[in-house]
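> heads up, no residue letters with this:
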């Protein structure tokens, strides 16, 4: 191989590299056999859409949809990299609510999704959907995501244990009522009133109760707010439930699997925060307590206040790469508002749609034997219009991490002082201010 000085191996690698780049160069979006490419990160959505898409294709002769299941952990980073590098991206993509904000970085013109607000208004969907659900997918007045869900939160509880303890859920109106009942039910080390984390704000903990109070990480203009008075009050109310000598909350650190199921079946955890989607997770994984479980609205901060919050969510976005945005919008509306499929699918997922006129569908209003014959969908629908708005921005992961750090510090302080409130308020304020300040610093030094 005198004509190539680096040897046969290097020459082979060079040839393969040239061929790979040539393949990429000729593999343009226009060469794809499918009219639309659709990414989703949940198997439940994927399985449901697989059944529905043939009907859409039949109604649109010549149109084909390439539906792909993409790992949630990889989806956001893969999509963000594709946007930045101007590489091939899907026409339609679903994103988890925690990842959505990371896509709204930099000038609006640089965001990889199209503004759906004109289509939402023109179609009438804007007025049919719970308004608060647009908030996580809105940036600088433009709406980049069609909400898939509402995810109102209730409390799932062991009805049989409540009855044995003489606790009437109808008399639990405020969190103070709940804590009093919890002190009656809790047996330290053996039984806790509610599953709550003392270290992680996400996943049905402090974040959910902060949102219930009308707080959050950011306001509608993108300013950091998790050190304001609302956040201070939420922290000061939350910590005594998971720390100190009178705590009523604990967690086994597993919110979906075998440990969680065991804790609920054994009565180690009597109550759990339960958005609609989690009610089906419980049905699927905690079979031994079927008929012993029930749902009740969240206790209010004060009598007459909000009795729900929200946890989780999914948006559908149409990318600027899409060559057929009107067709993509048709598909989005078909998948998200088709009442026949919503009625058929609801018993399989327990997820309340954000389109309010679908809440009267038969399956949503059927008694559910697992949940003590309560009308599960009806109970969530009664709360759905009152879910709080939650605002996001690209630094959302940093904000969650910093609030978790603040929670850990506040729990450590409270435990270290034996549950004494003396000095706790200034410590909470100082800790939250420092944590929020770190996020403000990240925002200030990032021009994008």
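Thanks, I have it. Owing to the predicted nature of the structure, the values given are computational and were not obtained by experimental measurement.
> For the residue nearest to the spatial centre of the chain, which non-adjacent residue is closest in space?
In the chain, the residue lying closest to the centroid (Cα atoms, centre = their mean) is residue 312, at 1.5 Å. The spatially closest residue to residue 312, leaving aside those adjacent along the chain, is residue 151, at 5.0 Å (Cβ to Cβ, 6 or more residues apart in numbering). Heads up, the C-betas are built off the backbone N, CA and C, glycines and all.
> is it true that that neighbour touches residue 279?
No - if you go by Cβ atoms under 8 Å, residue 151 and residue 279 don't touch, sitting 10.7 Å apart.
> How about residue 64, nearest residue that isn't a chain neighbour?
residue 34 (4.6 Å).
> distance of that neighbour from residue 324?
In this view, residue 34 and residue 324 are 11 Å apart by Cβ to Cβ, to the nearest Å.
> Show me how the record splits the chain into domains.
24-147+313-377, 153-310+388-444 (automatic domain parsing).
> Make a markdown table out of these and add mean pLDDT and mean neighbour count.
A markdown table is the format used below for these (pLDDT from 0 to 100; neighbours: other Cβ atoms under 10 Å):
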| stretch | mean pLDDT | mean neighbour count |
| --- | --- | --- |
| domain 24-147+313-377 | 91 | 17 |
| domain 153-310+388-444 | 96 | 19 |
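> quick one: contacts for the nearest residue to residue 350 once chain neighbours are set aside?
Nearest non-adjacent residue to residue 350, counting by Cβ to Cβ, 6+ apart: residue 280, 4.0 Å away. By Cβ atoms under 8 Å, 6 or more residues apart in numbering, residue 280 lies in contact with 348, 349, 350, 351.
> Next, residue 280: secondary structure please.
What DSSP: H, G, I helix; E, B strand; the rest coil gives for residue 280 is helix.
> who's in contact with the nearest residue to residue 218 once chain neighbours are set aside?
Leaving aside its sequence neighbours, residue 218 sits nearest to residue 391 (Cβ to Cβ, 6+ apart; 4.7 Å). The contact partners of residue 391, taken as Cβ under 8 Å, 6+ apart, are 135, 136, 138, 216, 217, 218, 219, 220, 222.
> now do residue 267
By Cβ under 8 Å, 6+ apart, the residues touching residue 267 are 158, 161, 191.
> Just the closest of the residues you listed to residue 369, please.
Comparing the contacts of residue 267 against residue 369 with Cβ to Cβ places residue 158 closest, at 16.0 Å.
> Assign the closest residue in space to that closest one that isn't next to it in sequence to helix, strand or coil.
In this structure, residue 158 finds its nearest non-sequential neighbour in residue 270, 5.0 Å apart by Cβ to Cβ, 6+ apart. Here residue 270 is recorded as strand under three-state DSSP.
> Then residue 157?
Classification of residue 157 by three-state DSSP places it in strand.
> what bridges to it?
residue 271, residue 294 (DSSP bridges).
> That one touches residue 270, doesn't it?
Yes - at 6.1 Å, residue 157 counts as touching residue 270 under the criterion of Cβ under 8 Å.
> can you tell me the helix or strand for the closest residue in space to residue 92 that isn't next to it in sequence?
Leaving aside its chain neighbours, residue 92 sits nearest to residue 38 (4.5 Å; criterion: Cβ to Cβ, 6+ apart). Taking DSSP states H and E as the definition, residue 38 sits inside strand 36-40.
> Return the angle between stretch directions for the helix or strand just after that strand and strand 36-40.
Downstream of strand 36-40, the next assigned helix or strand under DSSP H and E is helix 43-59. Relative orientation of helix 43-59 versus strand 36-40 (axes from the mean of the first three to the mean of the last three Cα atoms, to 10 degrees): 160 degrees.
> Partner strands of the helix or strand following helix 43-59, with direction?
For helix 43-59, the succeeding helix or strand toward the C-terminus, using DSSP H and E, is strand 65-69. Strand 65-69 has the following strand partners under DSSP bridges: strand 36-40 (parallel).
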